[in-house]
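Asks: heads up, no residue letters with this:
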Ligand SMILES: Nc1nc2c(ncn2[C@@H]2O[C@H](COP(=O)(O)OP(=O)(O)OP(=O)(O)O)[C@@H](O)[C@H]2O)c(=O)[nH]1
């Protein structure tokens, strides 16, 4: 068996060889060094003797291990306790902050409410003041427009708002001063910082540093555990404090650095608040008036507004607009009026939303209704057709529907509208038949008809006024139901009518088209119910709805001055319910509804959507087509009527010019209109076709020629009304205007051109069209110079000493530098001199010095060519 060496044995017992040698010596066992070998017997003796020592040592190690574990557990418990205490403290602190924040918010809310009340009172006073001023100030300059009045109010509101804000801010500042000092800077670092610091403190210092220290002490057995922990707590607190202080210092520094920025931000915030308040007010007003909220951001600009007016409406300096116009290549002065397109372009450039309002639109309102408030309403129908095809007979037959034969004689057409009930449903008819009224209404911006009944006599077929009616209804986008009348007549051929109408885009449903056809006899009252049911069917498709539970609005169908009753107007209610006593404005007249008559002449107290009633009580006579609207307050109605009257007077002075062949080019250039609308009237159909043929052959890629209506016959007032509504020119070929048409054209500024030879008409239209074409740009050479030498000119650089060989070169010319046939420069002249003098131009045969803009590389032998761009009117 191998001998055991001393150091092996020592190693086995976890002691040094020296220690083992000492033990061997004690046991009198001979061994000299660590490498000495020991007999087995000695080894077993050593083992026996050393056993208690070994056991004691194991116990010692075990005890130490236990102590260490205990210390660790204690340490963890303390740390957990501390973390919990800190968590509770942080929670309490947050609770306090929340309460404080709540208190501050409540105070701010109370203050805001007080401010709003103050503001509302100030606004009310301002409004009253403005109203008083307006009434007092009747001088023309003080009532230039409704918008400027609104602006004045807005300005006053702004001032009052500012004052109110300043005073409340002052108050708030005084109220907050002591508390702000108390928690000012601390407030800045409160959020987040302490909680973070506490978390850091519990994780880092007490855990690591403290733990290490405790480990040492535990081994050394010095100090009680309590002392250690209190020191740890103290250290953590100190750490926290310095950290909090540091963060506070940083926050204060930052705050002072940002104070200027903050002032700016505060100002911006105030401006934003003011804008929001103004918007809120507009929303409230719009809500009070049931107006469409989606339109609020849009600035309404009257058609033909001047640069100055637009600037005022948009609230921007006029220079901003002039500058933009200049860049758009249409320099205008402050008092010049702008085309619709220019207004839209400039507004778009300014990032603003505008709606150019025609004079009709200006007088109309856009209402908003919650879809939930909309209820089905009866359809409103107009009957149109050629003379003697039976319009009056049909309306008569309709009026007698559902009426017993004996009663018939007693029915009077009291007002310009009638209502019939069929299948328990109502249909309203506008009784002034014909497209004249229809288009006159449309020209005034009134859309009163939902459905058109086109009446065509089966024995006569499609006639000029049939076509006119189709064109008018189509232009208004109203669905057409065809009543083929007089089917009782021997020569009646309803299918021929259907066939003829297909040429005008009116195709029967049974043939796969869009239009419903009904065969009737107005005289013998055949098919009337069928026609009315078809109207209801068409109405169902249209899903006609309106809100009946609001202030009424609608259109005037006709109005007259009655000797006994004063102003009498028949109105069609399109929305809301009209009641006796309502204050309303219709066009330029206003008043209170004194009495109402329904279509049968019965006195009624209210009228809902699609009802037509005759009303008494207006102060003056409105015009057919005028929009009416009920106001909460009669004063508002009167104010609006006054404003409209004033506006109408101003408009009368600057009457909107219609297109004429002569001003066509100007109008086009101005408004970029690329359409030429024509109404063609001729003595025979052949002439219309010939003219239309030639028009179709013209190049219409840049200017489109629309024949919106053509018919055989004299130029009538209806033609003028249609031309007025569509901004068209009337071309008469072999026909003359009727007297009424002539005066209407003069009144409305509509151009009528009459010709007796067709090519002359074509020539004029073509000339006007070409005039509308954009001019062509042509380059014109001005002169040629040869570079003989170059020399340095102070401040200019290299200049070319030249000899003008051809023509004349001017200072404003564009120039090209040509070297060996290659253009090396194309630009402007920087200087043109003869000897030391700056000159405007130099002619052939003279020497001069030419400096080129931003170009120095001129060499003797180069050629300088001068040229100009000229705009030449197109001949095609
Ligand atoms: N046989 C027959 N004659 C009819 C019918 N409807 C109308 N008429 C006759 O046609 C003529 C013209 O009828 P109106 O109702 O006056 O025609 P209108 O279209 O109103 O005519 P204007 O008001 O002049 O435009 C009258 O003599 C009617 O009696 C019909 O269904 N059958």
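Replies: Yep, that arrived. All figures in this text were calculated on a predicted structure; none of them were measured in a lab.
Asks: what residues does the stretch 351-500 of the chain put near the ligand?
Replies: 385, 387, 388, 389, 390, 391, 392, 393, 485, 486, 488, 489 (C-beta under 6 Å from any ligand atom). All C-beta spots, glycine's among them, are computed from the backbone N, C-alpha and C.
Asks: Mind checking which of these land in helices?
Replies: 391, 392, 393 (DSSP state H).
Asks: I'd assumed residue 524 was in contact with the last one.
Replies: What that stands for is residue 393. No. If you go by C-beta atoms under 8 Å, residue 393 and residue 524 don't touch, sitting 10.0 Å apart.
Asks: quick one on the thing from earlier: from the residues of the stretch 351-500 of the chain next to the ligand, which two are the most distant?
Replies: Maximum pairwise distance in those, criterion C-beta to C-beta, is 19.5 Å, between 387 and 488.
Asks: who has more neighbours, the two?
Replies: More neighbours surround residue 488 than the other of residue 387 and residue 488, with 15 against 11 (other C-beta atoms under 10 Å).
Asks: residues in contact with whichever strand or helix holds residue 590?
Replies: Assigned by DSSP states H and E, residue 590 falls within strand 589-597. For strand 589-597, contacts defined as C-beta atoms under 8 Å, 6 or more residues apart in numbering pick out 414-415, 567, 578-584, 603-607, 613-622, 634, 637-638, 640-641.
Asks: what's the straight distance from one end of stretch 385-393 to the other?
Replies: Stretch 385-393 has an end-to-end distance of 12 Å (C-alpha to C-alpha, to the nearest Å).
Asks: and residue 623, that's in a helix?
Replies: No. Counting by DSSP: H, G, I helix; E, B strand; the rest coil, residue 623 is located in no helix; its state is coil.
Asks: how much space between it and residue 596?
Replies: Distance, residue 623 to residue 596, using C-beta to C-beta, to the nearest Å: 20 Å.
Asks: Those two - which one has more neighbours?
Replies: residue 596 (22 against 15).
Asks: Return the residues in contact with residue 17.
Replies: If you count contacts by C-beta under 8 Å, 6+ apart, residue 17 has them with 6, 7, 10, 33, 34.
Asks: Closest one to residue 850 out of those residues, please.
Replies: Using C-beta to C-beta, the contacts of residue 17 come closest to residue 850 at residue 7, 109.0 Å.
Asks: What score does the closest one have for pLDDT?
Replies: At residue 7, the predicted lDDT confidence score is 87.
Asks: and the spatially closest residue to residue 349 that is not a sequence neighbour, what does it touch?
Replies: Distances taken as C-beta to C-beta, 6 or more residues apart in numbering place residue 324 nearest to residue 349, at 5.3 Å, with adjacent residues excluded. By C-beta under 8 Å, 6+ apart, residue 324 lies in contact with 345, 346, 349, 350.
Asks: Check the gap between residue 610 and the ligand for me.
Replies: 24 Å (C-beta to the nearest ligand atom, to the nearest Å).
Asks: Please identify the helix or strand for that residue.
Replies: When elements are defined using DSSP H and E, residue 610 is found to belong to no helix and no strand.
Asks: Make residue 1 into 84 and carry on from there
Replies: Yes, from this point I'll number from 84; that puts the last item at residue 693.
Asks: How many neighbouring residues does it have?
Replies: Residue 693, neighbours per other C-beta under 10 Å, totals 26.
Asks: what's the helix or strand harbouring residue 713 packed up against?
Replies: Per DSSP H and E, residue 713 falls inside strand 710-714. Other helices and strands packing on strand 710-714, by 3 or more C-beta pairs under 8 Å, 6 or more residues apart in numbering; DSSP states H and E, are strand 636-645, strand 666-669, helix 717-736.
Asks: export the ones you listed to a markdown table and tack on mean neighbour count, mean pLDDT and distance to the ligand?
Replies: Compiled in a markdown table, those are given as follows (neighbours: other C-beta atoms under 10 Å; pLDDT from 0 to 100; distance: least, C-beta to the nearest ligand atom, whole Å):
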| stretch | mean neighbour count | mean pLDDT | distance to the ligand |
| --- | --- | --- | --- |
| strand 636-645 | 21 | 85 | 16 |
| strand 666-669 | 26 | 91 | 28 |
| helix 717-736 | 16 | 74 | 33 |
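Asks: I'd like those laid out as JSON lines, including distance to residue 506.
Replies: Shown next, in JSON lines, are the helices and strands packed on strand 710-714 (distance: least, C-beta to C-beta, whole Å):
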{"stretch": "strand 636-645", "distance to residue 506": "25"}
{"stretch": "strand 666-669", "distance to residue 506": "33"}
{"stretch": "helix 717-736", "distance to residue 506": "39"}
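Asks: interface residues of the protein facing the ligand?
Replies: 468, 470-476, 568-569, 571-572, 604-606.
Asks: ok so, going back, quick one, which of the helices and strands packed on strand 710-714 is nearest to residue 916?
Replies: helix 717-736 (54.9 Å).
Asks: what angle separates the closest one from strand 710-714?
Replies: If you take axes from the mean of the first three to the mean of the last three C-alpha atoms, to 10 degrees, helix 717-736 sits at 150 degrees to strand 710-714.
Asks: Helix 717-736 vs strand 672-680, what angle?
Replies: Using the same axes, to 10 degrees: helix 717-736 against strand 672-680 is 120 degrees.
Asks: Give the other helices and strands that helix 717-736 contacts.
Replies: Against helix 717-736 (3+ C-beta pairs under 8 Å, 6+ apart) you get helix 442-445, strand 666-669, strand 672-680, strand 710-714.
Asks: So which of those is nearest residue 865?
Replies: In terms of C-beta to C-beta, the element of those nearest to residue 865 is helix 442-445, at 49.8 Å.
Asks: that older thread, which members of the contacts of strand 672-680 are classed as buried?
Replies: 497-498, 650, 661, 663, 665-667, 687, 689-690, 696-701, 703-705, 720-721, 723-724 (16 or more other C-beta atoms under 10 Å).
Asks: Just give the nearest non-adjacent residue to the residue most central in space within the chain, would you?
Replies: The centroid of the chain falls nearest to residue 436 when counting by C-alpha atoms, centre = their mean (5.3 Å). Nearest non-adjacent residue to residue 436, counting by C-beta to C-beta, 6+ apart: residue 381, 4.6 Å away.
Asks: residues near the one you found, how many?
Replies: Around residue 381 there are 14 other residues, counting by other C-beta under 10 Å.
Asks: Tell me if I'm right that it and residue 439 touch.
Replies: No. The pair residue 381 and residue 439 fails to qualify as a contact (C-beta under 8 Å) at a distance of 10.4 Å.
Asks: Which pLDDT value goes with the residue in the stretch 734-883 of the chain that the ligand sits nearest to?
Replies: Residue nearest to the ligand within the stretch 734-883 of the chain (C-beta to the nearest ligand atom): residue 801, separated by 12.4 Å. Per-residue pLDDT puts residue 801 at 83.
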